[in-house]
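Engineer: quick one: sequence plus predicted model below, questions after.
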Amino acid sequence: MGLQSVKNCLWLPCVLRTPKACFWSTAGGGLIIQSVSNDVYQNLAVEDWIHDHMDLEKQQVLFLWRNSPAVVIGRHQNPWQECNLRLLRQKNIKLARRRSGGGTVYHDLGNINLTFFTTRKKYERMENLKLVVKALKALRPQLDVHVTDRYDILLDRQYKISGTAAKLGRTSAYHHCTLLCNADKFVLSSVLKSPFKGLKSNATPSVPALVKNLFEEDTSLTSEMLLDAIAKEYAMQHQIDHHITLINPADETLLPGISDKTKELQTWEWVYGKTPKFSISTCLNMVYKDSVLDVKVNMDVKHGRIEVCNIDLPEQWLPPGLYSELVKSLTGSKFCPNEITALVTALLRVCPQDDELHSRWSLLCENMIRLM
Ligand SMILES: Nc1ncnc2c1ncn2[C@@H]1O[C@H](COP(=O)(O)OP(=O)(O)OP(=O)(O)O)[C@@H](O)[C@H]1O
């Protein structure tokens, strides 16, 4: 079922009687929806869908969603610069690029996301954030929360509990913000640390901040209480019903074309390939036969692919033919461990059957892959 009313069953039958295609235009003035999915790509696709399809002149929308562990980078960011990609792979944490600008944030089920959709003319980030603060204060008047001029919400004057980003289309706009309730702060800080040194790019850098969870301040709070309070405040300000309607982002009858949008957000070309051009100038400290070899590596990476590659190996370390084969095949390939592994393994198969050479080759490849 694509639609369910969470709060008031009286409301449910009239929604269900309405053909799903008409659902979006039936509730006059405004709509509060919540995703039943915790998949970051599906939820970001819902944002795209509403932005592209809804007549926001007729009704504004508040979309509530939560994701299982994910790192979400801004539209113009560099994932290698912003997070620890190896750790994400090890911990099975998803990486997503959103369509809005801004910095990198960590999501898990202890983090709530709110998206405010309006026409471009009515887009007003500060009003939305004030609404969130008002809802929090209505719930717990003693909370010391305020909005900064960077559009963050701070708790106790110094701890960030909410980050903001926005997408402005020609006629429609949305503003989304996070709300840290009970997220894993240890994972948050460890995944948002890039091990990369020597990376140069014009990508938008994040602005790291001290963070705190709202539930650390008040252990009696729950996510449901917060969502409810925010929905109530939104409904009051927009003079609409405060019911939250659950939607399923996999429901093609409710959201025609949504699965294509979801798939696009999952592609390597979107997540990594949209990274602004960057260069790496680093040194691989390879331990070989009890001594450390410093191997300088310079690469230019465009659209996530290696454009220029230079590996400063000691003379005679690899046969010259093999070295040039390596550089040739690296050039143009994706800057990603799977592709590089496949490529060097293929080269290894054709290189001379020499144990010494094989172990040097493997060492170089392991170190190269560790970079990614
Ligand atoms: N879920 C989260 N909610 C609030 N803050 C977070 C969250 N995850 C990480 N942070 C903190 O926010 C920092 C990133 O903030 P930054 O201001 O760069 O991005 P933003 O808040 O998404 O958007 P913008 O750049 O538009 O303000 C992280 O380095 C971390 O300190």
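Structural biologist: Sure thing, it's come through.
Engineer: contacts only, for the closest residue to the ligand within the stretch 251-372 of the chain.
Structural biologist: Residue nearest to the ligand within the stretch 251-372 of the chain: residue 276 (15.5 Å; Cβ to the nearest ligand atom). The C-beta positions use only the backbone N, C-alpha and C, and glycine is treated the same way. Residue 276 sits next to 76, 78, 201-203 when contact means Cβ atoms under 8 Å, 6 or more residues apart in numbering.
Engineer: then residue 316?
Structural biologist: No contacts exist for residue 316 under Cβ under 8 Å, 6+ apart.
Engineer: am I right that it is in a strand?
Structural biologist: No - counting by DSSP: H, G, I helix; E, B strand; the rest coil, residue 316 falls outside a strand, being coil.
Engineer: what parts of this protein come near the ligand?
Structural biologist: 102-107, 111, 150, 160, 162-165, 178, 180, 188, 192, 206-209, 211 (Cβ under 6 Å from any ligand atom).
Engineer: what subset of those residues is buried?
Structural biologist: Among those, those classed as buried by neighbour count (16 or more other Cβ atoms under 10 Å) are 102-107, 111, 160, 162-165, 178, 180, 188, 192, 206, 209, 211.
Engineer: now the closest residue to residue 82 other than its chain neighbours. Its backbone dihedrals?
Structural biologist: Residue nearest to residue 82 in three dimensions, not counting chain neighbours: residue 104, with 4.3 Å by Cβ to Cβ, 6 or more residues apart in numbering. For residue 104, the backbone dihedrals (degrees, to the nearest 10) come out as phi -90, psi 130.
Engineer: let me know the pLDDT of residue 104.
Structural biologist: Looking at residue 104, its pLDDT is 98.
Engineer: and what of residue 352?
Structural biologist: Reading off the model, residue 352 has pLDDT 68.
Engineer: give me the three-state assignment for residue 117.
Structural biologist: strand.
Engineer: and the helices in the stretch 201-350 of the chain?
Structural biologist: 214-217, 223-238, 258-266, 268-271, 320-330, 337-350 (DSSP state H, counting those that start in this stretch).
Engineer: check contacts around the residue in the stretch 1-150 of the chain that the ligand sits nearest to.
Structural biologist: As assessed by Cβ to the nearest ligand atom, the ligand sits closest to residue 103 within the stretch 1-150 of the chain, at 1.9 Å. With contacts defined as Cβ under 8 Å, 6+ apart, the neighbours of residue 103 are 74, 77, 82, 163, 165, 204-207.
Engineer: in strands only, show me the residues you listed.
Structural biologist: Mapping these onto strands (DSSP state E) picks out residue 165.
Engineer: would TSV of the contacts of residue 103 with pLDDT be doable?
Structural biologist: As requested, the contacts of residue 103 are arranged in TSV below (pLDDT from 0 to 100):
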residue	pLDDT
74	98
77	98
82	97
163	98
165	98
204	97
205	97
206	97
207	97
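Engineer: show the subsequent helix or strand relative to the helix or strand where residue 126 lies.
Structural biologist: Per DSSP states H and E, residue 126 falls inside helix 125-139. Next in sequence after helix 125-139, counting helices and strands by DSSP H and E, comes strand 145-147.
Engineer: ok, now how distant is the residue in the stretch 151-300 of the chain positioned nearest to the ligand from residue 139?
Structural biologist: The stretch 151-300 of the chain approaches the ligand most closely through residue 163 (2.2 Å), counting by Cβ to the nearest ligand atom. Remark: distance between residue 163 and residue 139 (Cβ to Cβ, to the nearest Å) = 21 Å.
Engineer: swap in residue 223?
Structural biologist: 12 Å.
Engineer: about what we covered before: look up phi and psi at the residue of the stretch 151-300 of the chain closest to the ligand.
Structural biologist: phi -120, psi 150.
Engineer: hey, what's residue 302 bridged with?
Structural biologist: Using DSSP bridges, the beta-bridge partners of residue 302 come out as residue 305.
Engineer: output the below-cut-off pLDDT ranges for the protein.
Structural biologist: Applying pLDDT under 70 to the chain flags residues 1-22, 25-28, 352.
Engineer: domain assignment for it?
Structural biologist: For the chain, the structural domains run 3-271, 278-370, going by automatic domain parsing.
Engineer: most tightly packed of these?
Structural biologist: Sort the domains of the chain by mean neighbour count, taking mean count of other Cβ atoms under 10 Å, and domain 3-271 sits at the top with a mean of 18.
Engineer: ok so, going back, include distance to residue 327 when you put the contacts of residue 103 into CSV, please.
Structural biologist: Putting the contacts of residue 103 into CSV (distance: Cβ to Cβ, whole Å) gives the following:
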residue, distance to residue 327
74, 33
77, 28
82, 28
163, 41
165, 39
204, 31
205, 30
206, 33
207, 37
